[in-house]
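Undergrad: with the input below, show me the fold.
(2 chains)
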Amino acid sequence: MELLSILIWLPVFGGGLVLAIGNNRSEVAKWTSVAISVVVFVLSLSLWTGFDTSTSAMQFVENSPWIAQFNINYHLGIDGISLPLIILTTFSTILVIIAGWEVIKNRPAEYMAAFLMMEGVIIGVFSSLDAILFYVFWEASLIPMLLIIGVWGGQNRVYAAIKFFLYTFIGSVFMLVSLIYMYNQGGSFSLAALNDLPLTLTEQSWIFWAFFLAFAVKVPMFPVHTWLPDAHVQAPTGGSVILAAIMLKMGGYGFFRFSLPITPDASSEFATVVIALSLIAIVYIGFVALVQKDMKKLIAYSSISHMGFVTLGVFALFSIVEMGVDGNIIGSLEGVYLGLEGAMIQMISHGFISAALFLVVGVLYERLHSREISTYGGVINSMPKFTGFAVLFAMANAGLPGTSGFVGEFMVILSALQANFWYAFLAAFTLIVGAAYTLWMVKRVFWGPVTNPEVSTLSDINNREFFILATLAVAVLVMGVYPQPVVEVMHASVVNLLEQALTTKLPL
Amino acid sequence: MDYQFNTADLVFALPEIFMLSAISLILLIDLFVSQRFQNLTYTLAQITLFVTGYLAFSLIGESQVIFDGTFVLDTMGSTFKVFTMGFAMVALVYTRHYLKVHNLFRGEYFVLALLSVLGMMVMISAHSLLTIYLGLEIMSLSLYTLIAIARDRATAVEAALKYFVLGAIASGLLLYGMSMIYGITGSLDIAQIATFATSATLASEQVLILNFGLVFLVIGIAFKLGAVPFHMWVPDVYQGAPTSVTMFLSTVPKIAATAMLVRLLIDGLGAMQAYWSDLFMVLAILSIALGSLVALMQSNIKRLLAYSTISHIGFILLGFTTGVIEGYGAAVFYVLVYILMSLAAFGSIIALNKQGFEAEQIADFRGLSKHSPWFALIMLVVMLSMAGVPPFIGFYSKLFILQQVISAGYVYLAITAVVFAVISAYYYLQIIKTMYFDDAEGEITVTAPLDMKVVLSVNGILILVIGIMPSYWMELAISLF
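TA: Residues are numbered from 1 along each chain as shown, chains lettered A, B, ... in the order given. Predicted structure coming up:
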């Protein structure tokens, strides 16, 4: 077994093992889960160290036939775009498992097993180089999340779980149809073959929108975002963390891996529509976040708004550069790289920050069983250490320089400025809204007088919680001060992606 | 037209001959054993199925038309028989538990089940219109009686009667179509009908009559398969019949019905493919749509599975509309996958049955995941597989069909089908919700005997394992044509 296969199947089978250990021996199950997730994380770091940043070619490639009739292969490999997301996945899974340690009393082994299996499946999503293999992992990732929301969720969990599942399911079936369509044209499901397949603009447009539906639901983009607030609010803390930190990134990854290279002409054609939707998400959803009374809902809307930067960064490239007749790219390459790499940085940074914010809410929820902002007030008096972390993450969410939240958004805004002044203006404007809703929440929850007597009895975070939040705080700060290693890892792949996105696939 | 009977030909009908002899023997033995040894009949029935399956298996590769063109032995037929035996054996394992807890355990049940299997074998190997009809009637009459075996249940009697009346109408329509075909071609032999239909010199009136007959054949087949708009009997019969019979009739006969379709329409009237493809397209889309929509409102799980079956039948028919070998292969693969899933679904329902407790509401699954996580997991796998969620096998069967449909140029059919697949996912999710998200009101336990638990577990695991490695089975399904 090669490294990527191990990374996928170790957590999946590990999850099976944890299931077999069972809820009755929950201590054993928990320790096994942590052990597995740590091993997977360490192994994923060896992807990083063994990664050659000078090439855009796929690395750690595995390829063996799977379903011969359809020329479907078990084809894995990673480039600079998938690598950071895989590491984000393995990193978040450890945190989630530790975060659920004492909190989950109902069926703990099954809870841990669900997260482990999901980890393996999502690594599969980020490393598949065969479209059907990708689709299988993509859909399979819904199953553990459905159960996590439905079994361990809040009051209205059934509605949220089923809505989540059906939304994503309907988004992706059209992707399946268009993949099959392209297979019938080109005879292969391999991503490399799909990238080379010539398609007319009409075909590309249909395929583009089919892909768009699948990925936009996942990101989620306005107006197909409505499942997210429900899912986030009802999911247990761990579920929200994985949802925000990783599952949303699957949508962004889809745009990078599928939409741009497979339907470049349609992407260019419809870039303005996508940008418009992104800007609506950034601005309008920002205002929606402002009026939320529920902390988790506020963070959920803030996620949608922040993910808008990702799609903006990706699709702004078509307004900045174009392919010249001589095969040279005309326009500011710097601006495009800023946009694409900014989008990637934004995804990773949002992975850390949203995970941290959901964990922060989780810490409060465990103590007072309320997510309402109005329940709290003056938390700093009883939980000083905790408030320190919470304020740091809130600042990062608002895009304070020095935190990772600043880097991605700043890069995307700089890029958007090259595309169109108004794109950048609207995107930058949201920094103010973002600061407003985040800081206002901080003010109402952590500062001010203690109105609720229960708040004064709160105990500060324990070592376990401290460890989780501190780890994330380090990640947020390091990414904020020195994002260069991540940019370096992805640069070759981004250059290659840009080449693909600008090369027309129209048949001559 | 002199026909010389050749005793050497009997070898090729050995599975059928063995089955018939065994049935007669079991019927006799059952008369003389006391209640204490009632398991004997069950065991003999299983052995019969196994040996028949083995005989059919050993004949794979032989290709003969015997008995004056009325009986055909080919790879498809033998393979279908092997699968029929295998699925029937699984069904009987589940059946035994159901019959025991509901005091229906009688020797006749197994004899009738075997008899209907014999009818299916005749259908599978039929090579003339008469043999097809003969097989169909042997199968159907045994099934009507099986339903009525719970004669003190009003719903079962009603279901049996309904099935009988509507089944008789379907047979009548089929016969009418056959008589048209016979009238114009002058032959009952499938091969001669095919020769006639492909001949280039057909007058337009002849084509018209062939077409007329074809429509009735299609209606007859659609009736037997339960495709919309000939599906009316399906929900009532599924709900009214004892669960073990529902399971049996929703699974095993589908292979024979597929064989009938292949023999009549592909082998016989393959030249008219363009005509029946269009008919199937309408039937398929209506079935998928109605099956997906109406199932949303069901609270009885047997009725829900009835509508779910209708929608699966729609997908199977879609495979036949493509008119290419791979498309037929996709349809056959779907049939086998559907049966595997359906057996597990009904098996899970039967596993919940206890002395004096008939599980038939979705609500009966409430909180199952707490009390019996393993069987809840199996049902979860079955439901997701039926919804077409990867990595389970139901996804690959849909993928195969969709690929063929798109390849035949019907992208809009594929899109319609997937939209309804998403709608149907909702009611499969409802069952998962009931098992996992709801709390149980009372204590639910799975009291099934060990053999059933083992078979059900293997059944569930196969849905996942074949889902991970579907290649061999797809290959097999295509190779039959």
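
Undergrad: may I have the phi/psi pair for the one residue in the stretch 401-508 of chain A that gets nearest to chain B?
TA: Evaluated by C-beta to the nearest C-beta, the stretch 401-508 of chain A has residue A:507 as its residue closest to chain B, separated by 18.7 Å. Bear in mind the C-beta positions are built from the backbone N, C-alpha and C, glycine included. Backbone geometry at residue A:507, expressed as degrees, to the nearest 10, gives phi -70, psi 140.

Undergrad: give the contact list for residue A:205.
TA: A:263, A:266, A:269, A:270 (C-beta atoms under 8 Å, 6 or more residues apart in numbering or on different chains).

Undergrad: so which of the residues you listed is surrounded by the most neighbours?
TA: residue A:263 (29 neighbours; other C-beta atoms under 10 Å in any protein chain shown).

Undergrad: need the phi and psi values for it.
TA: According to degrees, to the nearest 10, residue A:263 has phi -120, psi 60.

Undergrad: how far away is it from residue A:61?
TA: From residue A:263 across to residue A:61, the span is 24 Å (C-beta to C-beta, to the nearest Å).

Undergrad: what does the stretch 151-300 of chain A put close to chain B?
TA: A:151, A:157-158, A:161-162, A:165-166, A:169-170, A:173-174, A:176-177, A:180-181, A:183-184 (C-beta under 8 Å from any C-beta of the partner chain).

Undergrad: which among those count as buried?
TA: A:151, A:157-158, A:161-162, A:165-166, A:169-170, A:173-174, A:176-177, A:180-181, A:183 (16 or more other C-beta atoms under 10 Å in any protein chain shown).

Undergrad: nearest to residue B:71 among those residues?
TA: Set against residue B:71, the nearest of these by C-beta to C-beta is residue A:180 (39.6 Å).

Undergrad: so that closest one sits against residue B:401, correct?
TA: No - proximity of residue A:180 to residue B:401 does not meet the contact threshold set by C-beta atoms under 8 Å, at 10.3 Å.

Undergrad: residues contacting whichever residue of the stretch 351-500 of chain A sits closest to chain B?
TA: When scored by C-beta to the nearest C-beta, the stretch 351-500 of chain A has residue A:369 as its residue closest to chain B, at 19.1 Å. Neighbour list for residue A:369: empty [criterion: C-beta under 8 Å, 6+ apart].

Undergrad: now swap in the one 10 residues further on and tell me
TA: Contacts were defined as C-beta under 8 Å, 6+ apart; by that measure residue A:379 touches A:364, A:386, A:387, A:445, A:446, A:455, A:458.

Undergrad: what about the fourth one, how many neighbours?
TA: The one in question is residue A:445. 25.

Undergrad: could you pull up the residues touching it?
TA: A:295, A:364, A:373, A:376, A:377, A:379, A:390.

Undergrad: tally of neighbours for the second one?
TA: Put plainly, it is residue A:364. So residue A:364, with other C-beta under 10 Å, has 22 neighbours.

Undergrad: ok, now the third one?
TA: Using other C-beta under 10 Å as the criterion, residue A:373 is surrounded by 18 other residues.

Undergrad: quick one on the thing from earlier: could you export the contacts of residue A:445 as TSV, including secondary structure and pLDDT?
TA: Below are these laid out as TSV (DSSP: H, G, I helix; E, B strand; the rest coil; pLDDT from 0 to 100):
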residue	secondary structure	pLDDT
A:295	helix	87
A:364	helix	86
A:373	helix	84
A:376	coil	84
A:377	coil	81
A:379	helix	81
A:390	helix	89
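
Undergrad: could you dump these to a markdown table with distance to residue B:87?
TA: Listed next are these as a markdown table, based on distance: C-beta to C-beta, whole Å:
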| residue | distance to residue B:87 |
| --- | --- |
| A:295 | 54 |
| A:364 | 55 |
| A:373 | 58 |
| A:376 | 60 |
| A:377 | 65 |
| A:379 | 62 |
| A:390 | 59 |
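
Undergrad: name the nearest of those relative to residue B:420.
TA: After measuring the contacts of residue A:445 against residue B:420 - C-beta to C-beta - the closest member comes out as residue A:295, at 39.0 Å.

Undergrad: does the closest one really touch residue A:374, like I thought?
TA: No - using C-beta under 8 Å as the test, residue A:295 is too far from residue A:374 to be in contact (10.3 Å).

Undergrad: quick check on these two: which one has the bigger neighbour count.
TA: The neighbour comparison of residue A:295 against residue A:374 (other C-beta under 10 Å) goes to residue A:295, with 24 against 12.

Undergrad: for the more buried one, give me its contacts.
TA: A:361, A:364, A:371, A:372, A:373, A:441, A:445.

Undergrad: just the ones of these in helices?
TA: Using DSSP state H, the members of the contacts of residue A:295 that fall in helices are A:361, A:364, A:441, A:445.

Undergrad: which residue is the nearest non-sequential neighbour of the last one?
TA: Nearest residue to residue A:445, sequence neighbours excluded (C-beta to C-beta, 6 or more residues apart in numbering or on different chains): residue A:376, at 4.3 Å.

Undergrad: verify the contact between the one you found and residue A:368 for me.
TA: Yes - the criterion here is C-beta under 8 Å, and residue A:376 meets it with residue A:368 at 7.5 Å.

Undergrad: neighbour count for these two, which is higher?
TA: More crowded of residue A:376 and residue A:368, by other C-beta under 10 Å: residue A:376, with 24 against 16.

Undergrad: is chain B contacted by the longest strand belonging to chain A?
TA: Across chain A, the longest stretch assigned as strand under DSSP state E is strand A:59-67. Yes - contact of strand A:59-67 with chain B (C-beta under 8 Å from any C-beta) involves A:66, A:67.

Undergrad: buried stuff in that strand?
TA: A:59, A:60, A:62, A:66, A:67.

Undergrad: residues touching the third one, list them.
TA: When contacts are counted by C-beta under 8 Å, 6+ apart, residue A:62 touches A:2, A:4, A:5, A:74, A:75, A:76, A:77.

Undergrad: in what helix or strand does the most centrally placed residue in chain B lie?
TA: Centroid-nearest residue in chain B, with C-alpha atoms, centre = their mean: residue B:254, separated by 1.9 Å. Secondary structure assignment for residue B:254, by DSSP states H and E: helix B:253-261.
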